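>>> model the following, please.
(2 chains)
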There are 2 protein chains.
Amino acid sequence: MTHPLLDKHRAVLDGALAAIADRGFWSPYPEQPSPKNYGEMANDAGKQAVQALLGKRFELDQPGVTAWTACDRSPYGVALDVQYPVCDVDALVAAGLAAMPAWRKLGVDGRTGVCLEILDRLNKRSFELSYAVMYTTGQGWMMAFQAGGPHAQDRGLEAVAYAWREMNFVPGQARWEKPQGKNPPIMMDKRFEIVGRGVALVIGCSTFPTWNTYPGLFAALATGNAVIVKPHPASTLSAALSVRIAREVLRENGIDPNLVTLAAVDAEATRKLVAHPAVQSIDFTGGSSFGRWLIDNARGKQVYAELSGVNVVVVESTDNYKGMLRNLAFTLSLYSGQMCTTTKAILVPAGGIDTDAGRKSFDEVASDLAGAIDKFLADPATATAILGAIQSPDTLKRIEDAHSVATVVLASKKLAHAEFPAAEVRTPVVLKCDAKDESVYMQERFGPISTVVAAPGDGNAVVVLAERIVREHGALTAGLYSTKQPVIDAMTDATLRAGVALSINLTGNVYVNQSAGFSDFHATGANPAANASYTDSAFVANRFRVVQRRWHV
Amino acid sequence: MTHPLLDKHRAVLDGALAAIADRGFWSPYPEQPSPKNYGEMANDAGKQAVQALLGKRFELDQPGVTAWTACDRSPYGVALDVQYPVCDVDALVAAGLAAMPAWRKLGVDGRTGVCLEILDRLNKRSFELSYAVMYTTGQGWMMAFQAGGPHAQDRGLEAVAYAWREMNFVPGQARWEKPQGKNPPIMMDKRFEIVGRGVALVIGCSTFPTWNTYPGLFAALATGNAVIVKPHPASTLSAALSVRIAREVLRENGIDPNLVTLAAVDAEATRKLVAHPAVQSIDFTGGSSFGRWLIDNARGKQVYAELSGVNVVVVESTDNYKGMLRNLAFTLSLYSGQMCTTTKAILVPAGGIDTDAGRKSFDEVASDLAGAIDKFLADPATATAILGAIQSPDTLKRIEDAHSVATVVLASKKLAHAEFPAAEVRTPVVLKCDAKDESVYMQERFGPISTVVAAPGDGNAVVVLAERIVREHGALTAGLYSTKQPVIDAMTDATLRAGVALSINLTGNVYVNQSAGFSDFHATGANPAANASYTDSAFVANRFRVVQRRWHV
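Numbering: from 1, shown residues only, chains lettered A, B, ... in the order given. This is a model prediction of the structure:
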């Protein structure tokens, strides 16, 4: 290998390449925030590093600064007031373009090595990132550490590995020798160069500002593109830290840091970036309305969009009723359901289900689920750690409104947070309705709002309804509880047709809303909830082009 | 390997996989139409097979037939009158969708084996296909055989190999085992299935009805999609034959033949197909106006488009003046310049160039090129074999009009064809103009119309002009003649920035307008002439999705 940073991180790359091929469990970034993994001082140092940023300008040394903005919003009520440079978007695009030729010339190995170094640096600063994620998103700290730190880094590394594999297929050179019968062959030498498509725009979301940003950021960067990170205004801090760390690594290695910039800009400037002719790819996570606008307006550009959807679970029968309820209770509670993978519609046959605890009527299933959530959240310390805080006022309003759209099985409660008195903590609301009341459950209602739906007919009929929901409204996750192989087969076929990942009979410590790096494909790209997957070949292959030249030997 | 057809063709697949990796010369389909390669009777049998189709209904046993259309047009004046079924496009889409689940279940190996069998069958019928291509496109027979037969099959095979490689990376199953310290690990079993995106629409062009159709057809088919082939009406015969052969192979192997159908439909029905929600990908070769409409209107769908452009050659200096002129003369003459890769603008410093035959003024270069074309086409038999006939009345009109837009260096002549008295044979027209007369040369003028452009400044200034042409108007090919390394370096950098393949100092038997399967990437996807390349990972990776399921062990 020709670049020292690739040599340094070669074992990590090789591990990632093996993992995306066999898709077993693997990660180079420890998810346990223990002193053994990260050092005795890591937690305190990380917390202090974030405290030291509050109330100050966040210097990034980017071009075209026109103003400063303090846009973060803390659901915990932490006074953040970090001021980010607002840069002219044309200046950011121009600076990115100017940085690209040298980045291209660094070659596949060099670019990959630098990306791996950035990820390594991000990993070492996982505690700092975790507090930045926690304060801005409202995630509980453990989740902020894991999903915002090592799991996000896993997704970034996965993208680098896919990119490396695809780029590595293209040989740098070839000798082409065409036989001419008795005459000497025609001989040509050829060179193949990988060039990025242009400037990549990566638009982040408010709830997972690193996990949903790193795949696009690293996929675009590794394949030779400049990247402009446009975070959600309310969740800028961890994205800004990530950009700063990337710029540090670039500068240390003699690369123009403007290859990666932060665009702390408003919606109008974002639309201008989308329309800029030099912006050739756009990664987006967020609501369907901007997402659809993006797909309709970014014509001729590569768009990788993860939008909203209605994640479904079919409950047809179970041999572990308590385990099922516990598992669902966790899913609905985790981060107050503010995940793109949280179950929204739980479809249960109106006639009830068979379980190891006897026959249960539809109403019993609904109220037992409510009871399981109540029990799971009984201890306030556990509850606040799991629930976190509600990220946006819109979600608070949706929770309030939800109580009047259908029968309430479990009402949402406001909980006090021991450490953050201003935190907006809410327990989930569970509704129930008949399948014909489609307006209740056939929309996302982002946040801790889920509906138990009484579906007519047998298990197969319920599966048909689930398929329709996924086809029409999209879904990132689907689940099934059934003891009957024909129902499992029917749901398997339905999810293959509708294009959604299926979790079957989860009753232990794996949850339908969780997606493991290197093993689970997050989103399929095959239903309206997303047009791409994290992370597969398609997520990287179209971010670069091959330009060749040839001449006679 | 699990499927007998993959076993049968395993050596071909392995050869293709090795070739796309090392990009040396390779092909399993002999390009020489010799009896040794194809049998003593192959030529006569092929010709007779096509003759037997003329004036009759071309039965395909497709659903939804509403009428019959005889749409082919022969530039040689051959009375074709082959009548194709016009099918309701909704019926074609529905039939394609219905055929997809079984095609998916056949798996990667099965689908790949069937595609390889279709290609093998197409190869065995190369003579038949060659006459179908020749009669409808106006290509000379040798070109029709090579480009329409084995070279087209190479491109199809290349797509199958890329598809197989990408799909093969996704394991069918995985065991995920996450350590839990002293507790037993969490263990899950996972299954990963490859599913096609939906129905693929492949829209062909009039001049290369197989070469430009097979990449999209086979890329989409191998990755699990149904394919509707929509040929250019004037060049339907070879596409219809290809579809019939594919359907024969499918039927023989117990697969619903409606997986591959022919849409001999008008523009309105084509737009309806583009808009159909089940149509998820569109391959298109043709003019920029429909292409742009497609990119703008097929929102959220995968579009692989090859459009028009202005291919450039920079002539800065040469150590083989005669070889250069001979090479350019061949390029401009072959198939009367009716190739998407034909050079349109030849940029020469206004002050003249250094050559091995002494200093040549701009006017000398222009007139010597005209002389070289005259000489190359002096023998009428050679001329008609190389030129073929003019495919469309539009091109005839463009040739006529070209004589009045700038100074004519070489006027086009009408030649008689010994075998086909009605053939519209034309020699190339060469214009010259000053670089400031941009309207003369900065548009495609499809057909045998090229312009020698007097460019101000030195070689580097000419390179700057070439880069601008490619960036603004697109190009599939670029060429350079220069003896000076700094100029070669400048043109190399310019083509990397503009994203176009470069041929340097071609003076022998390789031409800038030729692209070799498995070695040359045809188009880059990085400039306005095309948004995709034949054939690379990006051409296949987004045509399928991975749908997974998981459960506790």
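>>> give me the phi and psi for A:Cys199.
For residue A:199 the amino acid is Val, not Cys. When read as degrees, to the nearest 10, the backbone of A:Val199 gives phi -80, psi 130.
>>> isn't it right up against A:Asn225?
Yes: judged on Cβ atoms under 8 Å, A:Val199 makes contact with A:Asn225 at a distance of 6.6 Å. C-betas here are computed from N, CA, C, even on glycine.
>>> any residues in contact with both of these two?
Common neighbours of A:Val199 and A:Asn225, counting by Cβ atoms under 8 Å, 6 or more residues apart in numbering or on different chains, are A:Met100, A:Gln280.
>>> hey, where'd the strands end up in the stretch 251-400 of chain A?
A:260-262, A:279-285, A:302-306, A:312-315, A:317-318, A:345-349, A:354-355 (DSSP state E, counting those that start in this stretch).
>>> mean pLDDT, mean neighbour count and distance to chain B added to these, as JSON lines?
Compiled in JSON lines, these are given as follows (pLDDT from 0 to 100; neighbours: other Cβ atoms under 10 Å in any protein chain shown; distance: least, Cβ to the nearest Cβ, whole Å):
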{"stretch": "strand A:260-262", "mean pLDDT": "98", "mean neighbour count": "28", "distance to chain B": "21"}
{"stretch": "strand A:279-285", "mean pLDDT": "97", "mean neighbour count": "26", "distance to chain B": "9"}
{"stretch": "strand A:302-306", "mean pLDDT": "96", "mean neighbour count": "23", "distance to chain B": "8"}
{"stretch": "strand A:312-315", "mean pLDDT": "98", "mean neighbour count": "28", "distance to chain B": "13"}
{"stretch": "strand A:317-318", "mean pLDDT": "98", "mean neighbour count": "22", "distance to chain B": "13"}
{"stretch": "strand A:345-349", "mean pLDDT": "98", "mean neighbour count": "25", "distance to chain B": "17"}
{"stretch": "strand A:354-355", "mean pLDDT": "98", "mean neighbour count": "20", "distance to chain B": "17"}
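>>> touching the helix or strand bottoming out on mean pLDDT in chain A from outside, list them.
None of the helices or strands of chain A scores lower by mean pLDDT, DSSP states H and E than helix A:288-297, at a mean of 89. With contact meaning Cβ under 8 Å, 6+ apart, helix A:288-297 is reached by A:274-275, A:282, A:284, A:303, A:305-308, A:444, A:528, A:531, B:299-300.
>>> buried set for that helix?
The neighbour-count check on helix A:288-297 (16 or more other Cβ atoms under 10 Å in any protein chain shown) flags A:Ser288, A:Phe290, A:Gly291, A:Leu294, A:Ile295 as buried.
>>> check the residue of the stretch 51-200 of chain A found nearest chain B and give its pLDDT.
Nearest residue of the stretch 51-200 of chain A to chain B: A:Ala174, at 3.9 Å (Cβ to the nearest Cβ). We have a pLDDT of 98 for A:Ala174.
>>> and the helix or strand containing it, which residues are buried?
Taking DSSP states H and E as the definition, A:Ala174 sits inside strand A:173-180. By neighbour count on 16+ other Cβ under 10 Å, the buried set for strand A:173-180 is A:Ala174, A:Trp176, A:Lys178.
>>> excluding its backbone neighbours, what's nearest the spatially most central residue of chain A?
What sits nearest the mean C-alpha location of chain A, by Cα atoms, centre = their mean, is A:Asn212, with 3.0 Å. Take A:Asn212 and drop its neighbours on the chain: the residue closest to it by Cβ to Cβ, 6 or more residues apart in numbering or on different chains is A:Thr285, 4.1 Å away.
>>> list the contacts for the one you found?
So A:Thr285 contacts A:Ile203, A:Gly204, A:Cys205, A:Phe208, A:Asn212, A:Thr213, A:Ala305, A:Glu306, A:Cys340 (Cβ under 8 Å, 6+ apart).
>>> and A:Leu334, by the same measure?
A:Met143, A:Thr342, A:Ile386, A:Tyr511, A:Asn513.
>>> now, among those, which is nearest to A:Ala239?
Nearest to A:Ala239 among these: A:Met143, at 17.4 Å, using Cβ to Cβ.
>>> kindly confirm my reading that that closest one forms part of a strand.
No: counting by DSSP: H, G, I helix; E, B strand; the rest coil, A:Met143 is not part of a strand but helix.
>>> so where's the stretch 1-150 of chain A uncertain?
A:1 (pLDDT under 70).
>>> how about the helices in it?
In the stretch 1-150 of chain A, the helices defined using DSSP state H, counting those that start in this stretch lie at A:4-8, A:10-22, A:35-38, A:42-51, A:89-105, A:107-124, A:126-137, A:141-148, A:150-168.
>>> what's the most buried one of those helices?
helix A:126-137 (a mean of 28; mean count of other Cβ atoms under 10 Å in any protein chain shown).
>>> give me the packing partners of that helix, helices and strands only.
Counting contacts by 3 or more Cβ pairs under 8 Å, 6 or more residues apart in numbering or on different chains; DSSP states H and E, helix A:126-137 packs against helix A:42-51, helix A:141-148, helix A:237-252.
>>> hmm, try it at 10 Å
helix A:35-38, helix A:42-51, helix A:107-124, helix A:141-148, helix A:150-168, helix A:237-252 (3 or more Cβ pairs under 10 Å, 6 or more residues apart in numbering or on different chains; DSSP states H and E).
>>> now the second one, how far from the centre of its chain.
If I follow you right, that is helix A:42-51. On the basis of Cα atoms, centre = their mean, to the nearest Å, helix A:42-51 sits 25 Å off its chain's mean C-alpha point.
>>> compute the inter-axis angle for that helix and helix A:237-252.
Helix A:42-51 and helix A:237-252 are oriented at 100 degrees to each other (axes from the mean of the first three to the mean of the last three Cα atoms, to 10 degrees).
>>> quick check: A:Gly352 vs A:Gln180, distance?
79 Å (Cβ to Cβ, to the nearest Å).
>>> would you mind measuring the gap between the ends of stretch A:23-43?
31 Å (Cα to Cα, to the nearest Å).
>>> and that stretch, what's buried?
Buried, per 16+ other Cβ under 10 Å, within stretch A:23-43: A:Arg23, A:Gly24, A:Phe25, A:Trp26, A:Ser27, A:Pro28, A:Tyr29, A:Glu31, A:Pro33, A:Tyr38, A:Ala42, A:Asn43.
>>> residues contacting the last one?
Meaning A:Asn43. Residues counted as contacts of A:Asn43 (Cβ atoms under 10 Å, 6 or more residues apart in numbering or on different chains) are A:Pro33, A:Ser34, A:Pro35, A:Phe127, A:Ser130, A:Tyr131, A:Trp141, A:Phe145.
>>> residues in contact with the third one?
So the one you mean is A:Pro35. A:Met41, A:Ala42, A:Asn43 are the contacts of A:Pro35 under Cβ under 10 Å, 6+ apart.
>>> who's in contact with A:Met41?
Contacts of A:Met41 by Cβ under 10 Å, 6+ apart are A:Pro35, A:Gln48, A:Phe127.
>>> swap that for A:Asp14, please
A:Ala161.
>>> and the gap between it and A:Asn320?
From A:Asp14 to A:Asn320 the distance is 39 Å (Cβ to Cβ).
>>> where's the nearest residue to A:Glu467 once chain neighbours are set aside, which helix or strand?
In space, A:Glu467 comes closest to A:Ala494 once its chain neighbours are excluded; the distance is 4.0 Å by Cβ to Cβ, 6+ apart. In this assignment (DSSP H and E), A:Ala494 forms part of helix A:485-498.
>>> now stretch A:442-451: buried residues?
A:Met442, A:Glu444, A:Arg445, A:Phe446, A:Gly447, A:Pro448, A:Ile449, A:Ser450, A:Thr451.
>>> and these, which two are furthest apart?
A:Met442 and A:Pro448 (18.3 Å).
>>> how about the residues of the stretch 251-400 of chain A near chain B?
Taking Cβ under 10 Å from any Cβ of the partner chain as the contact definition, the stretch 251-400 of chain A meets chain B at A:280, A:292, A:295-303, A:305, A:323.
>>> related to what we said a few turns ago, need the max-distance pair from the contacts of helix A:288-297.
That would be A:Ala275 and A:Glu444, which, of the contacts of helix A:288-297, are the farthest apart (Cβ to Cβ) at 27.4 Å.
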